[in-house]
Every structure is written in structure tokens, then in C-alpha cells.
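[1] structure for the following, please:
(2 chains)
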Amino acid sequence: MATAQQNTSPKSEIAQFGADQPLRLDSGHSLSPLTIAYQTYGTLDDRRANAVLVCHALTGDQHAANTHPVTGKPGWWELMIGPGKPIDTNRYFVICANVVGGCMGTTGPGSINPATGKAYALDLPVITIRDMVRAQAMLLDHLAIPDLFCVIGGSMGGMQVLQWAASYPERVFSAIPIATAARHTSQNIAFHEVGRQAVMADPDWCGGNYIEQGKSPRKGLAVARMAAHITYLSEEALSRKFGRNLQDRDSLTFGFDADFQVESYLRHQGMTFVDRFDANSYLYMTRAMDYFDLAADYGGSLASAFTGTRTRFCIISFTSDWLFPTGGNRQVVHALNASGASVSFVEIESEKGHDTFLLDEPELHATIRGFLKAGERVRGLQAGAHAKERAKERAKERDSRGGQP
Amino acid sequence: MTEAERQARADFELIKELVSEDTRVLDIGCGDGELLSLLVDQRNVDGRGIELSQAGVNRCVANGLAVIQGDADSDLVDYPDAAFDYVILSQTIQATHRPRTVLTHLLRIGKRAIVSFPNFGHWRVRLQLSLFGRMPISSHLPYTWYDTPNIHFCTIRDFTDLCHDMNVAIECTTVFSGGGRRMPDTAPLWLRNLFGQQAVFLLSRKDGGLD
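    Modelled structure (predicted):
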């Protein structure tokens, strides 16, 4: 299979912004035309007040709660989003959009540059987290949604949540940044640089122009993914899952084949990743995270980013997450306290590392469910109105069928 | 209802009386949010909480309270001055590492502070220590010395002295004897210190500031 350069995502809805609506970028450039591919789940209520924006992480996409069109696997947050789930689609209208610079339908380095008629490749201006959020705000305008009941996301998604709360406080009723930070640390940047160098060291990267050359830096991107994947787990998780177990063999081979299960696992992670992700997109996404430093935009004071905010915050971190450790999340909590914001903060006990936010973690689900339900009461949402209507309809159907269950 | 629960209930009722309506309240060591919920529901306060245990925080957040995981020793620093009308430290000061610093923060970030604690000067405590030569254990202070979270016990007299020492104004003191009964306000300090099991202090800054 050819590398996913720019999947057209037939399953996603598309918002187009023409020359009259350029996306102004932090780099000073503007992007036009702009395409945003997005998915929605649930129904927008009459007051247009129950919208929840889900922000995806570095290698995520808009397919949060539906079968992925490329991999055929369940959506990345199907445990969290759906009828009766914490982000309950019987109650909320859920939107998830592929970020700018991505590769699942939204304008990114694999999209056609109208100036040349070829793929942008590295001619696409560098994208920032704030640019992604600005584009999402354009999407909300397009959907005529004045404000969000909640913005939620983990990791890079959490950065977008923080940026949303800072840039558009009046459009964010509540915010749930998970396993994230207000700035990328030196260690975070270092890991990303390893990944980028792996991509760029692959001769098939062709200086970024692999699409034009009909090639694809699969090996480089796979190595980048392997290195990154280690940072999403924890030592405990790796030890418990693999230990020093051997892969399909009884003894060491005294060679460099994948003797250990963990090697085989990482190789598999790397190879499957390149089928669904574009190498240049990986460069742009990692760069966006590296550039993120919310306090820097507010004179070095993170608290200033949230001055006077009325948004209700719920910050969540995980004990074994060493990529975005509790300390960084706590800095956000302290800044929010300093700005007098309404903030809840939970550090959840977990051995599964950074990726815990994607997994079946009952405490995480209970926290989010409770926080959203409480927010519903304050916002005066007609909680579960749709579900009740549907239940009534079902009851009517049953009646018309003569009481058959 | 256990003795401790009865006392907690009496404590909460009193604190509810002390807190004016429509104010901003921070409850430090808010447990599962019982007091905070009471104040939000019945006093219409804008309530915030800090709690150490994950289980407690989760229950609070699930009930719609704005609570962060943290403790009095390390998480008060970032709150701005006079951010709250009341800062409540209920049954917690004896478990902090630096009670005096904590008290300073309470009166920095709150216009008033409400502090409640078990009285180590109660006659039973004195008796156990003096007569039997052992660290006291009671329904109120149920921990053995080696696994108690309570590392800075004080008596009502000790706490009163600290307030004077720090130039803190004591607006009122309420002392409970056994069974959550309030001792008369007219009782002299020595009597309260001997028969009081629990004390609740309402504190504020004097004009001259804290020492």
C-alpha cells in the first residue's frame, strides 16, 4: 500500500474555506484555501448549547468514535465517546476535526499547493497549536455553534484545550486538558527531534518531496514511531507486557533479528503506523508541539493566559506518565488558581504511562462523567432530552407493534 | 453515628453558621466534599476545595465540586492574596508540616480563616499521658503514635498563644465538649482547655498585618 499522503477520507464531513476566509498563521503567512475534515456524533440541541469539541493527539485524527476508514480499527476514543459513555452522545453533540497540518483530509503538507499544482511538502508554513485552534474556531463558525459546552483532549489535544481556553474564553464553558502541559520541555523536544531526524535520514524522504518522486520514507517514519511509542508507555507497562520474553523462539539467536517480544511489538507499531500517517505531517505535528509555550504568549506568566476566565477546568494527569508528568499538569493548576479560575485536578493512579488517557481506566471515565454531568446542571442543559425522546419513540413503536418487546 | 461523625456534624453546622451567604470559600482537606456541598447548597457560596486522597477528589469532582488534589503545605502558595472570603481548615492543621506557615497563607488568601482541631489539652488526654505514661488514643484520636497523620498536636491555649504571637485577630472561638455539645462562651479558657474536645476558631487579619 502506498503511504497515506493525504487521505481523502470519504467518510468525513468537509468544511471548505475559500480565498475570502484565509487562516492567518502565527508564522505570519496565511493558508488558503483551507479544508477541514471532521466527524460529528450525537445531536445538537435547540439552544446549540451541548457541543463538545474533542481535540486529537499527535498521530490521532477525526475518527474518534467510528471505525477508522484506513485501518478498519475502532476509533481512538470509542471507550470515551458514545451512547451512555462518559462523553455521552445521547446528551452531547460531539465534534472531532483533523488538525491543520494533518493527513486525514484537513489541509496539510500532502495537500495540493494551489500556487504550484503539486503537494505542499515543506512549502506548507509551519503550523502552531494556536493555528490549529484558530482553524477549529472557523469550523465552529461554519457550523453556527456560538460556544462549546466542553473542549477535551489528551497530550497534543490537551495543548489545544489550553489554547482554546486562553484564546476564546467566552466560547469555552468547560475544559478538560488531560496528560498535557502548557509548554513542551527540553526532553519532549529532544524526543521529537530524534523522530524527525529518523524521517529525514531516510533517502526516500527526498528532501521532503517524496510524493512528487513517487517514494515514501517508510523506514524513517517507522523508526520515529518506534522511538515515540516507548515514551507513551512506562517501564512497568513494558515489563508486565513483555518482560524479556522471546518472540517465537526458545533461545537467543545471537543475531539482530527481533529476538525479544518487545522488539517485535515495536516493529509492528512502526510498520502499521506508516500505512496511515504521512511523514511530512509527522514533522509538522511534532514541530507544532515543540513550539507550544502558552505562557510565552502572555509575557511569561501562565496565569495571565487565564485572567478573568469563567471557564470550568478539570485537569487530569497519570502517575506513570513520564512524557507529560504530573508536575507539568500541576503548573497549569497553579496558574489557574492564581488567576482565580474554577479548577478541579485529579492525578490518577495508573501503571500504563502517557497512553492511559486512551485506555479503559475507570477512574478517568468516572471523573470525566461526573465533571460533565455537574457542568450540565450549571449550564442548564436539557440532559438526556434526546435519549428520552428516542425512548418515547421506541415505546410508541412497540405499542404500534402490539406490545412486542 | 460514631463519636467522630457526631463531632464532624456539629463542626459542619457551626462552620455553616459562621459563613455568610454568596461568599467565596476554600475548604482545605475537604474529604469527600460533604462540608463544601453543604455550603454550596445552603449558603450559595462559590466553593473550592483541596484534598489529598484521589478517592476523595474523584467523589468531589463527580459531584460537581471544584476540587484539586493537593495539600495545605505545598498548594497554597499560588493563590493570590484575598482570593477568598473564608478559608476553612477543618481537622487538618495538626497534620500539616508547618502549621504556622499554613496559618499565614490562610490569612493571606482568605479575608477570614476558620480553623478547627482536636484539643490535646482535654483532661482524658492529660490523664492518659500523666497517669498511664502513654500517648493518648481515643475515639477522637484513634491513631497509634507510629502511624498517626497528626504530627503537630496543640491545645486550645497553645493555638490561642500562636494567634497572639502572629498578631492574628480571634473573632470567636467555639469549643465542643463530648457528644458535640457547645461549651458556653463565658467559660474561662482553662475550663475550655480542660473539657473541650474540639475547638473552632474564626480568625482574621489585624490591621497591622501578620507577624
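
[2] spell out which residues of chain B are next to chain A.
    Within chain B, the positions lying close to chain A (C-beta under 8 Å from any C-beta of the partner chain) are B:46, B:48, B:54, B:57-58, B:60-70, B:75, B:77-80, B:83. Where C-beta positions appear, they are placed from N, C-alpha and C, glycine not excepted.

[3] just the helices in chain B please.
    Applying DSSP state H to chain B gives helices spanning B:3-18, B:34-43, B:54-62, B:99-109, B:123-132, B:156-165, B:189-195.

[4] residues in the stretch 301-405 of chain A within reach of chain B, list them.
    Counting by C-beta under 8 Å from any C-beta, the stretch 301-405 of chain A sits next to chain B at A:312, A:314-315, A:330, A:333-335, A:337-338, A:340, A:342-349, A:363, A:366-367, A:369-371, A:373-375, A:377-378.

[5] for PyMOL, what selects the buried ones among the residues of chain B next to chain A?
    Command for PyMOL that selects the buried part of these, burial taken from 16 or more other C-beta atoms under 10 Å in any protein chain shown:
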select buried, chain B and resi 46+48+54+57+58+60+61+62+63+64+65+66+67+68+69+70+75+78+79+83
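
[6] buried residues in the helix or strand bottoming out on mean pLDDT in chain B?
    Within chain B, confidence by mean pLDDT, DSSP states H and E is lowest for helix B:3-18 among all helices and strands, at a mean of 84. Buried residues in helix B:3-18, counted by 16+ other C-beta under 10 Å: B:Arg6, B:Gln7, B:Ala8, B:Ala10, B:Asp11, B:Phe12, B:Leu14, B:Ile15, B:Leu18.

[7] of those, closest to A:Thr319?
    B:Ala8 (29.8 Å; C-beta to C-beta).

[8] got a list of what that closest one touches?
    Neighbour list for B:Ala8: B:Glu34, B:Gln91 [criterion: C-beta atoms under 8 Å, 6 or more residues apart in numbering or on different chains].

[9] any idea how far it lies from B:Leu14?
    11 Å (C-beta to C-beta, to the nearest Å).

[10] over to A:Pro83?
    For A:Pro83, the distance to B:Leu14 - C-beta to C-beta - is 46 Å.

[11] how about A:Ser317?
    Using C-beta to C-beta, one obtains 36 Å as the distance from A:Ser317 to B:Leu14.

[12] what do you get for A:Tyr265?
    Distance, A:Tyr265 to B:Leu14, by C-beta to C-beta: 59 Å.

[13] now do A:Thr367
    A:Thr367 is 32 Å from B:Leu14, by C-beta to C-beta.

[14] repeat for A:Pro169
    Applying C-beta to C-beta to A:Pro169 and B:Leu14 gives a distance of 38 Å.

[15] now the one helix or strand A:Ser264 maps to: how far from the chain's centre is it?
    In the assignment (DSSP states H and E), A:Ser264 maps to helix A:261-276. Taking C-alpha atoms, centre = their mean, to the nearest Å, one finds helix A:261-276 lying 20 Å from the centre of the chain it belongs to.

[16] show me what it is in contact with.
    Against helix A:261-276 from outside (C-beta under 8 Å, 6+ apart): A:1, A:3-4, A:7, A:59, A:68, A:70-71, A:216, A:218, A:221-223, A:225-226, A:229-230, A:238, A:241-243, A:245-248, A:258.

[17] try 7 Å this time
    Residues from elsewhere that reach helix A:261-276, judged by C-beta atoms under 7 Å, 6 or more residues apart in numbering or on different chains: A:1, A:3-4, A:70-71, A:218, A:221-223, A:225-226, A:229, A:238, A:242, A:245-247, A:258.

[18] what mean pLDDT does it have?
    Helix A:261-276 shows a mean pLDDT of 96.

[19] can I get the very next helix or strand once past it as CSV, trimmed to CA atoms?
    Using DSSP H and E, the helix or strand that follows helix A:261-276 in sequence is helix A:279-291. Taking Å, rounded to 0.1, in the frame of the first residue of the first chain, the C-alpha atoms of helix A:279-291 are listed here in CSV:
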residue,chain,number,x,y,z
ALA,A,279,5.9,11.5,7.1
ASN,A,280,5.8,15.3,6.5
SER,A,281,2.7,15.6,8.6
TYR,A,282,4.6,13.9,11.4
LEU,A,283,7.3,16.7,11.1
TYR,A,284,4.6,19.4,11.2
MET,A,285,2.8,17.9,14.1
THR,A,286,5.9,17.4,16.2
ARG,A,287,7.0,21.0,15.4
ALA,A,288,3.7,22.4,16.5
MET,A,289,4.0,20.7,19.9
ASP,A,290,7.7,21.9,20.3
TYR,A,291,6.7,25.5,19.6
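
[20] helix A:279-291 versus helix A:261-276: what angle between them?
    Calculated by axes from the mean of the first three to the mean of the last three C-alpha atoms, to 10 degrees, helix A:279-291 forms an angle of 110 degrees with helix A:261-276.

[21] for B:Pro184, see how far away B:Arg157 is.
    18 Å.

[22] which of those two has more residues huddled nearby?
    Neighbour comparison, B:Arg157 and B:Pro184: the larger count goes to B:Arg157, with 16 against 8 (by other C-beta atoms under 10 Å in any protein chain shown).

[23] that one against B:Leu191, yeah?
    No: here B:Arg157 does not reach B:Leu191: they are 11.3 Å apart, not a contact under C-beta atoms under 7 Å.

[24] can you report how many residues lie near B:Thr148?
    Residues lying near B:Thr148 (other C-beta under 10 Å) number 15.

[25] once you drop chain neighbours, what's closest to it?
    The spatial neighbour of B:Thr148 that comes closest, neighbours along the chain excluded (C-beta to C-beta, 6 or more residues apart in numbering or on different chains), is B:Leu141 at 7.8 Å.

[26] phi and psi next, for the one you found.
    Note on B:Leu141: its backbone torsions stand at phi -120, psi 80 [degrees, to the nearest 10].

[27] ok, it touching B:Pro118?
    Yes: counting by C-beta under 7 Å, B:Leu141 does reach B:Pro118; the two are 6.0 Å apart.

[28] have a look at the two and say which one is more surrounded.
    For the pair B:Leu141 and B:Pro118, the greater number of neighbours falls to B:Pro118 (24 against 20), based on other C-beta under 10 Å.
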